[in-house]
Each structure stands twice: as structure tokens, then as C-alpha cells.
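**Student:** No letters, just coordinates:
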């Protein structure tokens, strides 16, 4: 048996609407983001989810609470699902980061993390559902860097390609986390 893992982005935040790179800042859902979070709940509520894991950053927690807070599904926050920490650039205009992502695959942002650091945290996180949630369906609500980590780890896409690709929203990405997966 394996874990069916569904990834969804956190809903639209005020920072998203303003073109701000939140990084580890908590963020707050916008009015439109709250409506989209409710739509996420309607879309996924009857999917047979056994748990919803989210980043512990406010924008992801709000998304999970609005979407699934009354569904009787365990909501579990995990700091290993945080967005990449841009360090000194948390809260900077997204335009200051967009063209520089490839430089920070292995080299941390000043005072922050690299994208490879996010991959390592994602490996650490995924070991838990692979061991404790085998045979279940779980949903993750997190950030762009986490989606790249999943696509890299479970989809085999080079990280170098992911960080420079344009973002195209869609209603979830589904992955299979094989039984006994340990990240190596």
C-alpha cells in the first residue's frame, strides 16, 4: 500500500495580490482567498481524506481551517511545510526574487534558506506519512517551494527546471508516496 498525497497551494493572500514574496512572514488571506479556500473545501471535502497537513504559516493555516475546519478531518500543522525562507528578502517585492531563484537552489538567500534546504525538510516531513499514514489519502496545503520539492522528489523533475518555470494554478497535484519511502 502507499499514501495518496494531494498537494494544494494555500489560497490567495494579500501579499499575493500585492506582488510581495512572503517567505516566512505569516501572511493573511485576502477576501478572494477566503472564497477560494471555501471552494477548496467544497471540491475536496468528499474525497475520502484521512488528514490535512498544512504549513504552520498563517496563510496556509487559514486555508486549511476555512476549507476543512468543520469536516471532521484532522488538521495538522507542520513547520517543515513552510515556504522557502528568503531571509532579508521576506516581504520584498516578488520582482526582486523572480529572476534570482536559480542562484538559490543550493546557496541560501541572504539570512535565509536555499531551495535544496526546502527539499531536505520535505524529505524529513514525507517520511512520517510514508510510515504512519500508509494506505491513506492525505492533503497538503503549502507553498510554491514545497510544490517544487514534491515535483522533484516524487515526480523526478529537476529542481533547476522547476524554480524557473512559470506558475500555472490548477486544482491540486496528486502524488503517490510509495510504501517505505525514505527519501534516498
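**Tutor:** It's in. Being a predicted model, the structure only gives us computed values, none of them experimental.
**Student:** Tell me which stretches of the protein form strands.
**Tutor:** All strands of the chain, identified by DSSP state E, fall at 3-9, 20-21, 51-54, 75-77, 92-93, 137-142, 173-177.
**Student:** can I get those in CSV with mean neighbour count and mean pLDDT?
**Tutor:** (Glycine included, C-beta is placed from N, CA and C.) CSV is the format used below for the strands of the chain (neighbours: other CB atoms under 10 Å; pLDDT from 0 to 100):
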stretch, mean neighbour count, mean pLDDT
strand 3-9, 22, 96
strand 20-21, 20, 97
strand 51-54, 23, 98
strand 75-77, 16, 98
strand 92-93, 14, 97
strand 137-142, 24, 98
strand 173-177, 15, 94
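**Student:** any chance of those strands in CSV, plus distance to residue 68?
**Tutor:** Listed next are those as CSV, based on distance: least, CB to CB, whole Å:
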stretch, distance to residue 68
strand 3-9, 11
strand 20-21, 26
strand 51-54, 5
strand 75-77, 6
strand 92-93, 32
strand 137-142, 8
strand 173-177, 17
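**Student:** Between these, which one is closest to residue 101.
**Tutor:** Closest to residue 101 of the strands of the chain, according to CB to CB: strand 20-21, at 10.3 Å.
**Student:** Give me the most central residue, the protein.
**Tutor:** Nearest residue to the geometric centre of the chain (CA atoms, centre = their mean): residue 142, 2.3 Å.
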